[in-house]
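**Student:** Sequence first, predicted model second:
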There are 2 protein chains.
Amino acid sequence: MEAPVTRTGTGPRRADAIYAATLELLAAHGYDGLTMEAVAQRSGVNKTTLYRWWPSKDALFAAALTTADILAITIPDTGTLRGDLLALATDIARLLTAEATAPIVTAVLAAAPTRPQLAATGRAFFAERLAREQSVFTRAVERGELSASASASAIMDMLAGALWFRLMLRAEPLTAAYVETSVGIILDGVGSQGH
Amino acid sequence: MEAPVTRTGTGPRRADAIYAATLELLAAHGYDGLTMEAVAQRSGVNKTTLYRWWPSKDALFAAALTTADILAITIPDTGTLRGDLLALATDIARLLTAEATAPIVTAVLAAAPTRPQLAATGRAFFAERLAREQSVFTRAVERGELSASASASAIMDMLAGALWFRLMLRAEPLTAAYVETSVGIILDGVGSQGH
């Protein structure tokens, strides 16, 4: 018998265990190996309950991804835009390479390009993340370090993209020097008028 | 009977047909669906010949990827670093989204993260590409637009990464405005000292 399920804002009472099981299965077996059956078994919640909350594997995956603590990043407040971007980039690099999170990130990256139904999940995940990161840019504008017209999403996509690309496509390690160079380019540019 | 095979610098005489078949199968069926058997059938070359030149599917894929004309980019010479980076970024955006190339790029992106044996291919592909792009940066240094110590690989990883990330992970379209913003950030930076 499973424990009684109580409605909350985000899912059944055992949502944390269900999300953890979802990401563990994803990391171990890839998106194809992630099934509602396996999540039910691993989390000790029956399949009917899962389907009552999430109509499909895609929906459960989206909820797990956006809610999981393990993929959360810390929003820094170091007092400078440079310090904050360096902290964000270091945190993203950690997520991409740490033992607990790299297999999840890798499985998501492998699954996303060939599954158009995951596009909405990508948009939701990064929109939520950008909303949390916004304070970094608001404070930088207040301190006079950043123009109010600067695009926070372009800055973050470029910073995260530089790290993803170097690690996943060029297949080179993410060194502290590379993280620092990336932040330096975003802040100062490489053109001679920026120096 | 297949046509007689002649040795060249890069493979048998029918190498172009073999590479084309490899990338078509990859685009249609993903990396798992790419087999030596299917390439042999599609290109009309027997399997023994394929194995004589490429000991494995991974080796054939690496050769196809680095040699294929369809994935080539044009090295621009517009007279300014801004113009050249804009042309490169526009060309990369085209590869990522055009009907003929997007399925290949997508299949590669889906295959790479979970197959460590493809890391060497990624490194070789982007190293060859960077070597070709180097002239853009050499000319910019000569014109006084770029410091000689600037890292061409960091600039290209950041530019390509910004496009990959926006399209594949944030799942947003690559607009001309975004391409221009990305080039602008790389050249001028977003920090107030850059303006």
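**Tutor:** Sure, I can see it.
**Student:** Can you get me a residue count around residue A:33?
**Tutor:** For residue A:33, the count of nearby residues is 12 (other C-beta atoms under 10 Å in any protein chain shown). C-beta coordinates here come from the backbone N, C-alpha and C atoms, glycine included.
**Student:** so it sits right up against residue A:27, yeah?
**Tutor:** No. Residue A:33 is not in contact with residue A:27 according to C-beta atoms under 8 Å; the separation is 9.9 Å.
**Student:** And chain A, what are its domain boundaries?
**Tutor:** A:15-67, A:72-187 (automatic domain parsing).
**Student:** quick check, the shortest one touching chain B?
**Tutor:** Yes. Figure legend: domain A:15-67 in contact with chain B (C-beta under 8 Å from any C-beta of the partner chain); contacting residues residue A:30.
**Student:** what mean pLDDT does that domain have?
**Tutor:** On average, the pLDDT along domain A:15-67 is 92.
**Student:** same deal with stretch A:180-195?
**Tutor:** Across stretch A:180-195, pLDDT averages out at 85.
**Student:** OK, contacts around the residue most central in space within chain A?
**Tutor:** Closest to where the C-alpha atoms of chain A average out (C-alpha atoms, centre = their mean) is residue A:71, at 5.5 Å. Neighbour list for residue A:71: A:65, A:95, A:101, A:104 [criterion: C-beta atoms under 8 Å, 6 or more residues apart in numbering or on different chains].
**Student:** just the buried members of those residues?
**Tutor:** Among the contacts of residue A:71, the ones that count as buried by 16 or more other C-beta atoms under 10 Å in any protein chain shown are A:65, A:95, A:101, A:104.
**Student:** Contacts only, for the third one.
**Tutor:** If a contact means C-beta under 8 Å, 6+ apart, then residue A:101 has A:70, A:71, A:94, A:95 as its contacts.
**Student:** any idea how far it lies from chain B?
**Tutor:** Distance check for residue A:101 against chain B: by C-beta to the nearest C-beta, to the nearest Å, it reads 13 Å.
**Student:** Helices of chain A, start to end?
**Tutor:** Secondary structure of chain A (DSSP state H): helices at A:15-33, A:36-43, A:47-53, A:57-67, A:81-97, A:102-111, A:119-142, A:152-164, A:176-188.
**Student:** buried ones in the third one?
**Tutor:** Neighbour-count burial for helix A:47-53, counted by 16+ other C-beta under 10 Å, picks out A:49, A:50, A:53.
**Student:** what helices or strands is it leaning on?
**Tutor:** Judged by 3 or more C-beta pairs under 8 Å, 6 or more residues apart in numbering or on different chains; DSSP states H and E, helix A:47-53 is in contact with helix A:36-43.
**Student:** buried set for the helix it packs on?
**Tutor:** Buried residues in helix A:36-43, counted by 16+ other C-beta under 10 Å: A:38, A:39, A:40, A:43.
**Student:** can you check stretch A:173-190 too?
**Tutor:** The neighbour-count check on stretch A:173-190 (16+ other C-beta under 10 Å) flags A:174, A:178-179, A:181-190 as buried.
**Student:** wait, doesn't residue A:75 sit right on residue A:136?
**Tutor:** Yes. Counting by C-beta under 8 Å, residue A:75 touches residue A:136, with 6.7 Å between them.
**Student:** Looking at these two, which one has more neighbours?
**Tutor:** Under the criterion of other C-beta under 10 Å, the comparison of residue A:75 against residue A:136 puts residue A:136 first, with 22 against 15.
**Student:** Pull the number of nearby residues for the closest residue to the more buried one other than its chain neighbours.
**Tutor:** Nearest in space to residue A:136, with sequence neighbours left out and distances taken as C-beta to C-beta, 6 or more residues apart in numbering or on different chains, is residue A:84 at 4.5 Å. By other C-beta under 10 Å, 22 other residues sit near residue A:84.
**Student:** Distance-wise, check residue A:84 relative to residue A:189.
**Tutor:** Taking C-beta to C-beta, to the nearest Å as the measure, residue A:84 falls 18 Å from residue A:189.
**Student:** again with residue A:44
**Tutor:** For residue A:44, the distance to residue A:189 - C-beta to C-beta - is 54 Å.
**Student:** Residue A:169 too?
**Tutor:** 23 Å.
**Student:** mind giving me JSON lines with the buried residues of helix A:36-43 and columns for distance to residue A:129?
**Tutor:** Shown next, in JSON lines, are those (distance: C-beta to C-beta, whole Å):
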{"residue": "A:38", "distance to residue A:129": "27"}
{"residue": "A:39", "distance to residue A:129": "24"}
{"residue": "A:40", "distance to residue A:129": "29"}
{"residue": "A:43", "distance to residue A:129": "25"}
